[in-house]
Each structure stands twice: as C-alpha cells, then as structure tokens.
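Student: Test case, fold it:
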Amino acid sequence: MYLVWEKRLFGVRGGGKAERAVHEWDTGWGAIERATPQPRRTPSASTAAAAGTTPAGAPPGSTPPAAAPQATATAPPPTATP
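Tutor: I've put the predicted structure just below:
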C-alpha cells in the first residue's frame, strides 16, 4: 500500500499527470526565479540625507552628505514679435 500511495501507482493521488506537474514546478526557469532571493534595497545618499540618516557603509557618527541641488526646467521668456 505504501508504494501505491508514495509512487502514485495506478493513478492514486493524480498518477503521472501529478508527477509531471511536480516535475515542471521543480525544474526550469520558473523554479530558478522562485528560489533566487530578492536583492536588498539600500538607501541612496540623497534619500538618506532627506531622511536625516547616514547611508549604509558610512562610518558611525558621520553626518549625512548634503543633497545635490535639483535642476529645474524653466521656460524661456516670451519674445516680442515686431
């Protein structure tokens, strides 16, 4: 009885279709993507400065770097037509 149940003999527990489904789930690109851990997100210098914290890897007690000034786009002044 154990072999019939564990090895899915005679169609018990889905038979060959279930075996193929498990095999497809465990192999291929999808299995690699599911097993790969997501990268950690570390704060950038500008977000750390805005939050008042030091970025990862900065020496303890250091002050956060000043945020770079943001460039703003301005429209040119209107020209008068003669």
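
Student: Give me the residues contacting the longest helix belonging to the chain.
Tutor: For the chain, the longest helix by residue count, based on DSSP state H, is helix 15-26. With contacts defined as Cβ atoms under 8 Å, 6 or more residues apart in numbering, helix 15-26 is touched by 8, 14, 31. (Glycine included, C-beta is placed from N, CA and C.)

Student: Of these, keep whichever come out buried.
Tutor: Buried by 16 or more other Cβ atoms under 10 Å: Arg8, out of the contacts of helix 15-26.

Student: In CSV, list the contacts of helix 15-26 along with distance to Trp25 and pLDDT.
Tutor: Output for the contacts of helix 15-26, formatted as CSV (distance: Cβ to Cβ, whole Å; pLDDT from 0 to 100):
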residue, distance to Trp25, pLDDT
Arg8, 15, 83
Gly14, 13, 88
Ala31, 7, 90
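
Student: now what about whichever strand or helix holds Gly30, what contacts it?
Tutor: Using DSSP states H and E, Gly30 sits within helix 29-35. Contact partners of helix 29-35, identified using Cβ under 8 Å, 6+ apart, comprise Trp25.
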